[in-house]
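In: structure for this input, please:
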Amino acid sequence: MMKLRRAEDRGHAQHGWLDSHHSFSFADYYDPAQMGFRALRVINEDRVQPGAGFGTHPHRDMEIVSYVLEGGLAHKDSLGTGSTLRPGDVQRMSAGTGVTHSEFNASASEPVHFLQIWLLPERPGLAPGYEQKHFAAADRQGRLTLLASRTGTDGSLTIHQDVRLYGGLLDKGQRAELALAQERHAWVQLARGTLKLNGETLRVGDGAAVSAEPRLALEAVEPAEVLVFDLA
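Out: Prediction:
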């Protein structure tokens, strides 16, 4: 069973400095039918204007993943971390018992385009933590590469939830498959391009919730960048 979440049906916020599309209910956008999927709570596609960003603010009891598509995202937090994320970089911040952080466009001239992803942690009250890793395009080309997992398998980031997050880059005509164990679910988010997912066409910004399917079969109709969440 697959339920599509079309890009044009997402929530939208335009603040001048920030253009944001919400796959699920977030901030002033509320849809009781779109409150998340399994442990996945937020997927925001954000474009931030040069020199602008999210000032210091708090979070708790959330696993927050940032995935940069274009530009540079400057991060600072109360754990003492300071870094700039570029395309290919994936960041995981565990808010746990409480953390404050800021995210700004690192450029004074070019916008930054990234996905902000929140997942519920496996339990509340975890110690705050931070992890960042670069996944080269060559290592994601033509396949689904494990970016984050509960156990940090195969050099992936460690995320405190029963989830395996994959990222892939597919040229036109390239295919990738992912087997889903019984009772597992998947969310597929297309960041760029066009692809077919189990025969259904996804275009840039589209998402899909998949349940009771033994596998995911992806084929790029045009060059595509995709994230796949394998969820309990």
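In: the residue nearest to the spatial centre of the chain bridge partners, please.
Out: Compute the mean C-alpha point of the chain, and by Cα atoms, centre = their mean the closest residue is Ile117, 4.5 Å away. Ile117 forms beta bridges with Ile43, Val65, as assigned by DSSP bridges.
In: quick one: it and Ile64 touch, right?
Out: Yes - taking Cβ atoms under 8 Å as the contact criterion, Ile117 and Ile64 are neighbours in contact, 7.1 Å apart. The way it works is simple: take the backbone N, C-alpha and C, and place the C-beta from them, glycine included.
In: now do the helices in the chain.
Out: Per DSSP state H, the chain carries helices over the ranges 137-140.
In: can you report how many residues neighbour Pro124?
Out: Pro124 is surrounded by 11 other residues when neighbours are defined as other Cβ atoms under 10 Å.
In: so what's the closest residue to it other than its chain neighbours up against?
Out: If the residues on either side of it in the chain are set aside, Pro124 comes closest to Asp61, at 4.7 Å by Cβ to Cβ, 6 or more residues apart in numbering. For Asp61, the contacting residues are 95-97, 120-121, 124-126, taking Cβ atoms under 8 Å, 6 or more residues apart in numbering as the criterion.
In: so which bits of stretch 98-116 are buried?
Out: Neighbour-count burial for stretch 98-116, counted by 16 or more other Cβ atoms under 10 Å, picks out 99, 101, 103-107, 111-116.
In: burial measure for Arg203, as a count.
Out: By other Cβ under 10 Å, the burial measure for Arg203, its neighbour count, is 16.
In: residue contacts, Val90?
Out: The neighbours of Val90, taking Cβ under 8 Å, 6+ apart as the test, are 65-67, 132-135, 147-148, 157, 167.
In: just give me the closest of the residues you listed to Leu79.
Out: Proximity of the contacts of Val90 to Leu79 was ranked by Cβ to Cβ; the top entry is Gln132 with 11.8 Å.
In: can you give me the mean pLDDT across stretch 34-53?
Out: Across stretch 34-53, the average pLDDT comes to 97.
In: how far is it from where the chain is centred?
Out: Per Cα atoms, centre = their mean, to the nearest Å, the displacement of stretch 34-53 from the mean C-alpha position of its chain is 8 Å.
In: just the CA coordinates of it, formatted as PDB?
Out: C-alpha atoms of stretch 34-53 as PDB (Å, rounded to 0.1, in the frame of the first residue of the first chain):
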ATOM      1  CA  GLN A  34      -0.700  15.100   8.100                       C
ATOM      2  CA  MET A  35       0.800  14.800  11.600                       C
ATOM      3  CA  GLY A  36       3.800  12.600  10.600                       C
ATOM      4  CA  PHE A  37       4.400   9.000   9.600                       C
ATOM      5  CA  ARG A  38       5.400   6.500  12.200                       C
ATOM      6  CA  ALA A  39       8.400   8.100  14.100                       C
ATOM      7  CA  LEU A  40       8.900  10.600  11.400                       C
ATOM      8  CA  ARG A  41       7.400  13.900  12.500                       C
ATOM      9  CA  VAL A  42       8.800  16.700  10.300                       C
ATOM     10  CA  ILE A  43      10.200  17.100   6.800                       C
ATOM     11  CA  ASN A  44      10.600  20.700   5.900                       C
ATOM     12  CA  GLU A  45      12.200  21.800   2.600                       C
ATOM     13  CA  ASP A  46      13.800  25.100   3.400                       C
ATOM     14  CA  ARG A  47      15.400  27.800   1.300                       C
ATOM     15  CA  VAL A  48      17.100  30.600   3.300                       C
ATOM     16  CA  GLN A  49      18.200  33.800   1.800                       C
ATOM     17  CA  PRO A  50      21.900  35.000   2.100                       C
ATOM     18  CA  GLY A  51      23.000  36.000   5.600                       C
ATOM     19  CA  ALA A  52      19.600  35.000   7.100                       C
ATOM     20  CA  GLY A  53      18.700  32.100   9.300                       C
END
